[in-house]
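Visitor: Predicted model, plus sequence, below.
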Amino acid sequence: VQLVESGGGVVPAGDSLRLSCVVSGRPFSSDTMGWFRQAPGKEREFMAGVTWSGRTNYADSVKGRFTISRDNAKNIVYLQMNSLKPEDTAVYSCAARQVQTIAVVPGSYNYWGQGTQVTVSS
């Protein structure tokens, strides 16, 4: 099972980035997918999740700025991040779980990618 993230980078505040996570080795279309982030010295926190049917959930801190979506034909989940702020700087990771509900606790996810760094300069 592999989850591979891409799309991170260094951007100025107010800019946008789109992260991608390609999943292989799993029945992607039946998994619930989540995006998490971890900043230095902080715990991993839930950003957004999407079920196989397209139902979504977001952390309050990113509602209205981030959008999660998935392409079941391509085994990819995306995180569109707009109006980025310096406090969004973190390593962003995607995760998969076999239960058809969105969980906000990292331990509820079975599979993880290595992460991609997002740095937002002020």
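Guide: Happy to help now that I have it.
Visitor: where does the chain have low pLDDT?
Guide: Applying pLDDT under 70 to the chain flags no residue at all.
Visitor: Residue nearest the middle of it, spatially speaking?
Guide: residue 35 (2.2 Å; C-alpha atoms, centre = their mean).
Visitor: And the helix or strand where residue 79 lies, what does it pack against?
Guide: Assigned by DSSP states H and E, residue 79 belongs to strand 76-81. Judged by 3 or more C-beta pairs under 8 Å, 6 or more residues apart in numbering; DSSP states H and E, strand 76-81 is in contact with strand 17-24, strand 32-38, strand 45-50, strand 66-71, strand 90-97. Every residue, glycine included, has its C-beta placed from N, CA and C.
Visitor: Neighbouring strands of it in the sheet, and parallel or not?
Guide: strand 17-24 (antiparallel), strand 66-71 (antiparallel) (DSSP bridges).
Visitor: Pipe these into a markdown table and attach distance to residue 5 and mean neighbour count per row.
Guide: Formatted as a markdown table, these follow (distance: least, C-beta to C-beta, whole Å; neighbours: other C-beta atoms under 10 Å):
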| stretch | distance to residue 5 | mean neighbour count |
| --- | --- | --- |
| strand 17-24 | 5 | 18 |
| strand 66-71 | 13 | 18 |
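Visitor: Residue 97 is nearest to which of the ones you listed?
Guide: For residue 97, the closest of those is strand 17-24, at 11.9 Å, according to C-beta to C-beta.
Visitor: Need the helices and strands packed on strand 76-81 in CSV (columns: distance to residue 84).
Guide: Below are these laid out as CSV (distance: least, C-beta to C-beta, whole Å):
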stretch, distance to residue 84
strand 17-24, 7
strand 32-38, 12
strand 45-50, 12
strand 66-71, 9
strand 90-97, 11
